[in-house]
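**Student:** Pasting the sequence and the predicted coordinates here, then a few questions.
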Amino acid sequence: MKQVPLTKPQVIAILINSIIGAGILPMPLFPVRAAGHGAPLVTVLAFVFAYAALACMALLSSRFPKDNFVTLSEKVIGKWPARFFTFVFACYLGMLTAFTSREFGEVVITTVLKSTPLEVTVILMLVLGAVAARSDINTFAYMHMFYVPFVVIPAWLIVFLSLKNAEPLNLLPIWGNESESWLAGIIAVASLTQASFIITLVVPYMQQPEKALRTVSISMLVTGTLYVAIVVACVGVFGPEEIKVLLWPTLELGKITSLPANVLERLDAAFLALWLTSVFTNILSTYFFTVNAFANVFRLKDYRFLTMFLLPFVFVLAMQPRSIVQMYTKIYVIGRIGYLYMVSYTVIVFLIAIMRGIRGRKDGQLLPENG
Amino acid sequence: MTAGANGVISGQLEETVAWFQEELGQNDDLVCRRFQVMGRFPAALFYFFSLIDQQLLNEDILRPLMQPPSEDLKRLCEMKTLKQLLSEDVLPFGSLKFEQQKDKLISFAMRGDTVLFVDGIDEALVFSCRKVEKRNTDQPKTESVIRGPREGFIELIENNLSLLRYRLQSRNFRIKLLEIGQRTKTRVAVCFIEDIANPELVSDVINRLSRVKIDGVVSSGYLEEHIEDNHWSPFPQVQYSERPDKVVASLLEGRVAILADGSPMALLVPAVFSQFYQTVEDYSERFLVVSAIRIARLLALLFSLIFPSLYVAIISFNPELIPTDFAVAVAGGRAGVPFPAVIEILIMEVSMEVLREASIRLPVQIGGALSIVGAIIIGQAAVSAGFASPITVVIVALATIGSFATPAYNAALALRLLRFPIIILAGTFGLFGIVVGLIFIVNHMLSLRSFGVPYLSPFVPPSSGAVRDMILRAPVFLMKKRPESWHPQDDSRIPQSGGGKDQANEAAGRQDGTAAGGEGNGS
């Protein structure tokens, strides 16, 4: 099948779907733990931070329009160090896939399918992602385009429907009362956007790689507004102290909403089912690019077999944590380490590229700066 | 065929007749009529009486040939050869051709042409005076409309092509004839408008058709299976229609139509999903009304796909979703039913499928009886026997009606089939399972292509112009552009200033020597 370059809306859809995932369910917890009433502000700052990191990646990638993350790193820091670091990146994407499926699997068996084994829900999600990840990049982009409304609209619906129960006083003071752990909160929320790092692998498929920064800006704006709105709604409805004892504040927000005219009495199960699309797109993104990254590291031409080959590994990885508590500990630790690893790696590669003065040409050749 | 079929015929009449008799003589409907042309030259006429217009043969071929030559003709005889004389002066017959090749002569005769061998001429004269029994052009049975043309295609390709030419009197309307089928030698016409249809699409269609290896094309459905992109998909990737007006509208959009001789269904490619809930009538009624009707059709599609499974999921897993009063009523109705909701729905759905299948095959006279039996058994008796709850009957009926409301029968079939796995998923995983099933289906549809066009376009990838004719239909005067999905060469429906003539000239300049292959088009 002929491969068509990805358009800007397609890339924006891919990024939005990659950012919004299972992580949104416990998300308000992190800024609230860090800053109490100041949670919305922490979220805003977190997104500013995440945007800066992502913009850095976008700039680096659009500097090498025809190279993906692996090949551009090789050009900047040499073959073997680059392969090592990007191999770690690929593993990290695989881990994200595993933990997203596990996290949502836990949510599902805790709230709706109480007698279904965890393994079944996790494997169902992974198979769903793996089968879809076998498609080519265009179908992959079409999937994201199709599902983006199903991801964004229900989330906004929850926010709007719950706002009638909100108490504005809960949001004051906007700078919060506790200020010692702000940085941790910022990193925690920012690390939820980590799947957006796949922009480094998307850029070479883009129609206009030089527009990478704009796509990143738009998608961060969309998701950032949504996240802040959810935190505002959560804090407004529950208040910070209540949120601290909830496992999935966003889900609880869904529970207290109901449609006018009493059409459906409760919405949480329906929301959760819809939320599956968002988790699916998230898993699809990370899975697709895990395979893509591995294929690039090992220089594989046909990598469709890798999707099925990786499935057992990802599944075992997903079943690693023994309980939901341990799972979240691992997610936090690995998420943050991975996030900081990627951010620092990108910044370093970017700086080296600027200092060595190399940039990629449209045809993939190296080009000396000002040359 | 024997080795004798190769090569060319000689001018020796007896030798040629012997060869022809050997090739086709075993058929008792082959007629060999020997006579003397103009009373002088021995000749033999071969034809299958089952395929020939006997009157035409007598009046226009035999009569002039057998008449003794007039004085004028005798004078001309001196100046011209016999072959020239026959074609230029004797035979008042339009479609006359000369042929030397033996295998071609055989296939002409098989097709219903009349072959004339004259002693001394090393070419045979071939007349097409074919006459095949055909039915009248009448109202299309599968796509009837309230307002709109009443003509439908029939089996004969000549007739169908004339229906198209009559509606599309454009100099750029092209018909390419191919012959497909090792044994049936079916004529297949590829129709398109040269300055609109994307040349890549046209050559793709012709390529795929010429690669078809099959012994017989009995109906256009055989071709469909050979040229579609994904053979394993339940979704139709080729649209069919028996309405000439629909085909013409599609051609004007830049699509390609494929007609096979002997089949009243034209195939239209590429096909995308959104076409399967649109009808021709959508464009002859008020746009506001049509938009509302289209939404109803989409709802019907959704009903037929997920309504039963939604019911199963809500009853078995999430009864808290529906209002309490209703939940109590449903539970009351289900009180005597021994099966879980998923089994109950599956039983009812399967019996509904059986009932529906039975009613299609039955003669009309018995059909009425069947529907009474079906309605009583499915509707009334199943409930009072405690076999199913009343609400299940409602749900199954809604789903069935939903699948009837889909204009395209083949798309409705696909969704009808996919309903079953979703019901099972819903019975196993509840709402979660439904969404998993839907995601699988949508992913599959997103990965489908019909002749390179994404199956879900113009939804994905979205195109700005197509929004006007997707779920809603904009007024015709707003639809100035042809759908982008087909990548038409000329994307504007409305001729630019200067009128259509300029455009036609410009288009004529763009032609790359592909002349109209419209032979056999007059009927």
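**Tutor:** Now that the structure is in, tell me what you want to look at.
**Student:** Show me what residue of the stretch 251-371 of chain A gets nearest to chain B.
**Tutor:** Closest residue of the stretch 251-371 of chain A to chain B, C-beta to the nearest C-beta: residue A:273 (3.7 Å). Glycine gets a C-beta too; all of them are placed from N, C-alpha and C.
**Student:** Please, which helix or strand holds that residue?
**Tutor:** Assigned by DSSP states H and E, residue A:273 falls within helix A:268-297.
**Student:** circling back to that earlier point, which ones are touching the residue of the stretch 251-371 of chain A closest to chain B?
**Tutor:** A:112, B:430-432, B:434-435 (C-beta atoms under 8 Å, 6 or more residues apart in numbering or on different chains).
**Student:** Could you check how many residues crowd around the residue lying closest to it once chain neighbours are set aside?
**Tutor:** Residue nearest to residue A:273 in three dimensions, not counting chain neighbours: residue B:431, with 3.7 Å by C-beta to C-beta, 6 or more residues apart in numbering or on different chains. The number of residues packed near residue B:431 is 25, by other C-beta atoms under 10 Å in any protein chain shown.
**Student:** Mind checking the pLDDT average for the helix or strand containing residue B:431?
**Tutor:** Using DSSP H and E, residue B:431 maps to helix B:409-447. Confidence for helix B:409-447, expressed as mean pLDDT, is 91.
**Student:** Just want the residue of the stretch 401-523 of chain B that's nearest chain A.
**Tutor:** Nearest to chain A, among the residues of the stretch 401-523 of chain B, is residue B:431, at 3.7 Å (C-beta to the nearest C-beta).
**Student:** give me every residue that touches that residue.
**Tutor:** Shown in contact with residue B:431 (C-beta under 8 Å, 6+ apart): A:112, A:269-270, A:272-273, B:310, B:313-314, B:317-318.
**Student:** what's the pLDDT at the residue of the stretch 251-371 of chain A closest to chain B?
**Tutor:** pLDDT for residue A:273: 82.
**Student:** Now do the helices in the stretch 201-350 of chain A.
**Tutor:** Along the stretch 201-350 of chain A, counting by DSSP state H, counting those that start in this stretch, helices occupy A:212-238, A:240-244, A:249-256, A:268-297, A:304-318, A:324-356.
**Student:** With residue B:256 as the reference, name the closest of those helices.
**Tutor:** Across the helices of the stretch 201-350 of chain A, residue B:256 has its closest neighbour in helix A:304-318 (31.4 Å, C-beta to C-beta).
**Student:** Now do that closest one: which elements does it pack against?
**Tutor:** helix A:79-111, helix A:118-133, helix A:268-297 (3 or more C-beta pairs under 8 Å, 6 or more residues apart in numbering or on different chains; DSSP states H and E).
**Student:** at 6 Å instead, please
**Tutor:** helix A:79-111, helix A:118-133 (3 or more C-beta pairs under 6 Å, 6 or more residues apart in numbering or on different chains; DSSP states H and E).
**Student:** The longest one to helix A:118-133, inter-axis angle?
**Tutor:** Meaning helix A:79-111. Angle, helix A:79-111 to helix A:118-133, by axes from the mean of the first three to the mean of the last three C-alpha atoms, to 10 degrees: 130 degrees.
**Student:** tilt between helix A:79-111 and helix A:304-318?
**Tutor:** Computed by the same axes, to 10 degrees, the angle separating helix A:79-111 from helix A:304-318 equals 60 degrees.
**Student:** Helix A:79-111 packs against which elements?
**Tutor:** On a contact count with 3+ C-beta pairs under 6 Å, 6+ apart, helix A:79-111 meets helix A:69-77, helix A:118-133, helix A:268-297, helix A:304-318, helix A:324-356.
**Student:** try 10 Å this time
**Tutor:** Counting contacts by 3 or more C-beta pairs under 10 Å, 6 or more residues apart in numbering or on different chains; DSSP states H and E, helix A:79-111 is packed against helix A:69-77, helix A:118-133, helix A:199-202, helix A:249-256, helix A:268-297, helix A:304-318, helix A:324-356, helix B:409-447.
**Student:** Can you tell me which of these is nearest to residue B:163?
**Tutor:** Residue B:163 lies closest, by C-beta to C-beta, to one member of the helices and strands packed on helix A:79-111: helix B:409-447, at 21.9 Å.
**Student:** Just the buried residues of that closest one, please?
**Tutor:** B:410-412, B:414-416, B:418-420, B:422-447 (16 or more other C-beta atoms under 10 Å in any protein chain shown).
**Student:** can you pull out the helices in the stretch 151-300 of chain B?
**Tutor:** Counting by DSSP H, counting those that start in this stretch, the stretch 151-300 of chain B has helices at residues B:157-167, B:199-210, B:220-227, B:244-253, B:287-316.
**Student:** Direction-wise, compare the helix or strand just after the longest one with helix B:287-316 and give the angle.
**Tutor:** What it means is helix B:287-316. The C-terminal neighbour of helix B:287-316 among helices and strands, as given by DSSP H and E, is helix B:324-333. Orientation check (the same axes, to 10 degrees): helix B:324-333 against helix B:287-316 gives 60 degrees.
**Student:** Report the rounded mean pLDDT for helix B:324-333.
**Tutor:** Mean predicted lDDT for helix B:324-333 stands at 86.
**Student:** Against which helices or strands is it packed?
**Tutor:** So helix B:324-333, by 3+ C-beta pairs under 10 Å, 6+ apart, packs with helix B:287-316, helix B:390-404.
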